[in-house]
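Participant: compute the structure for the input listed below.
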Amino acid sequence: MRIAYTGWTWLVNHEDNYRWEFEQFLKEVSDLGYDSVENFAFIMKYFDNDPVPVKELLDKYGLEMVNLYEHFSVDPEADYANAERYVAFMKAIGATYLNMQGVMWKEAPLDRPTDEAQIKAYAELSNRIGRLCRDNGCVAVFHPHACTPVYTEEQIDLLMKNTDPELVSLCLDTAHTTLAGMDPVKAFAKYLPRLGYVHLKDVDPDETVHPEWPMKRFCALGTGTVDFKGIVKVIRDGGYDGVLCVELDNPKVCNYKSAMISRRYIHDVLMM
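Facilitator: The predicted structure is shown next:
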């Protein structure tokens with residue numbers, strides 16, 4: 001399996017210095033022994049939609065960018081047009097996966113009832129983008145995420161029911177499944193037939209911490225309570241041989257330190 005790290009948290013500090021920050025991200029994760037990276041699709045604008053300098057930097061540090069991440073908007077036609085641009089960029093840099101996520105809200109209530117119409121609309125859009133990806137040698141994966149319409153087991157099931165498994169796979173996240181009240185080991189076993197990509201992060205089990213925004217409970221691997229050994233056993237036994245991508249929205253010290261803690265856990269505990 002490929003071991004990747006997500007880079008967007010490096011690119012949120014200096015609006016006039018994104019290219020330096022992107023290279024710093026690559027330098028640091030390469031130093032730590034990761035072999036692949038992913039990033040939000042907004043990276044394209046930082047390089048004026050030119051894939052050449054991105055590919056040159058990836059090659060300089062011996063890394064493969066395996067995934068671009070698309071956030072849906074309220075305009076499905078604009079989202080599809082963006083996907084067309086993203087896929088062209090992906091092909092130019094050698095990326096394989098296009099990650100899709102529903103619109104995220106930040107105002108209360110954070111937990112909301114299932115919106116069947118919205119999920120079916122996302123399914124229709126995902127099928128269209130999935131066909132675009134397939135026709136261009138890429139893979140579309142949908143990421144269930146807290147504070148979006150596709151988050152809980154019920155909502156994931158509805159999306160999976162309404163998407164073509166030949167066109168749309170699932171990016172399951174160890175932390176978001178935990179926040180959603182699922183047992184992540186059982187969730188990975190259940191959705192293994194649709195699994196196309198994996199996000200790894202741990203979760204502080206103390207629900208009194210940051211009740212206003214539970215995603216602040218996310219933490220580096222091995223510092224929370226997610227059963228990563230159980231998850232890896234399930235997916236290995238099931239034949240999954242894709243990407244395991246570590247992500248941490250809120251590094252406790254700095255990006256490098258958090259990435260180092262997670263890499264050591266993967267190497268020393270998961271033995272990968």
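
Participant: show me where the stretch 151-272 of the chain has its helices.
Facilitator: 153-161, 174-179, 184-191, 228-237, 255-268 (DSSP state H, counting those that start in this stretch).

Participant: for residue 35, which of the ones you listed is the nearest?
Facilitator: Closest of the helices of the stretch 151-272 of the chain to residue 35 is helix 255-268, at 10.8 Å (criterion: C-beta to C-beta). All C-beta atoms are positioned from the backbone trio N, CA, C, and that covers glycine.

Participant: outside of that closest one itself, list whatever touches it.
Facilitator: 3, 5, 9-10, 25, 28-29, 32-34, 200, 220-223, 228, 244, 246, 248, 251-252, 272 (C-beta atoms under 8 Å, 6 or more residues apart in numbering).

Participant: go again using 6 Å as the cut-off
Facilitator: Outside of helix 255-268, the residues within contact range by C-beta atoms under 6 Å, 6 or more residues apart in numbering are 5, 9-10, 28-29, 32-33, 220-222, 246, 248, 251, 272.

Participant: and what of stretch 195-208?
Facilitator: So stretch 195-208 is in contact with 97, 139, 141, 169-171, 173-175, 178, 217-219, 221, 223-226, 240, 243-248, going by C-beta under 6 Å, 6+ apart.

Participant: that older thread, let me know which of the helices of the stretch 151-272 of the chain is tucked in deepest.
Facilitator: Ranked by mean neighbour count, these are led by helix 174-179 with a mean of 25 (mean count of other C-beta atoms under 10 Å).

Participant: other SSEs contacting that helix?
Facilitator: Counting contacts by 3 or more C-beta pairs under 6 Å, 6 or more residues apart in numbering; DSSP states H and E, helix 174-179 packs against helix 184-191.

Participant: between helix 153-161 and the helix it packs on, find me the angle.
Facilitator: 20 degrees (axes from the mean of the first three to the mean of the last three C-alpha atoms, to 10 degrees).

Participant: dump helix 184-191 to PDB, keeping only the CA atoms.
Facilitator: Provided in PDB are the C-alpha atoms of helix 184-191 (Å, rounded to 0.1, in the frame of the first residue of the first chain):
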ATOM      1  CA  PRO A 184     -14.500   2.200  12.100                       C
ATOM      2  CA  VAL A 185     -13.300  -1.400  11.800                       C
ATOM      3  CA  LYS A 186     -16.800  -2.600  11.100                       C
ATOM      4  CA  ALA A 187     -17.300   0.400   8.700                       C
ATOM      5  CA  PHE A 188     -14.300  -0.600   6.700                       C
ATOM      6  CA  ALA A 189     -15.400  -4.200   6.600                       C
ATOM      7  CA  LYS A 190     -18.900  -3.200   5.400                       C
ATOM      8  CA  TYR A 191     -17.700  -0.800   2.700                       C
END
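
Participant: how far off centre is it?
Facilitator: For helix 184-191, the separation from the chain centroid amounts to 17 Å (computed by C-alpha atoms, centre = their mean, to the nearest Å).

Participant: which helices and strands sit right next to it?
Facilitator: By 3+ C-beta pairs under 6 Å, 6+ apart, helix 184-191 packs against helix 174-179, helix 228-237.

Participant: same thing but at 7 Å, please
Facilitator: strand 168-173, helix 174-179, helix 228-237 (3 or more C-beta pairs under 7 Å, 6 or more residues apart in numbering; DSSP states H and E).

Participant: what's the angle between that helix and helix 228-237?
Facilitator: 20 degrees.
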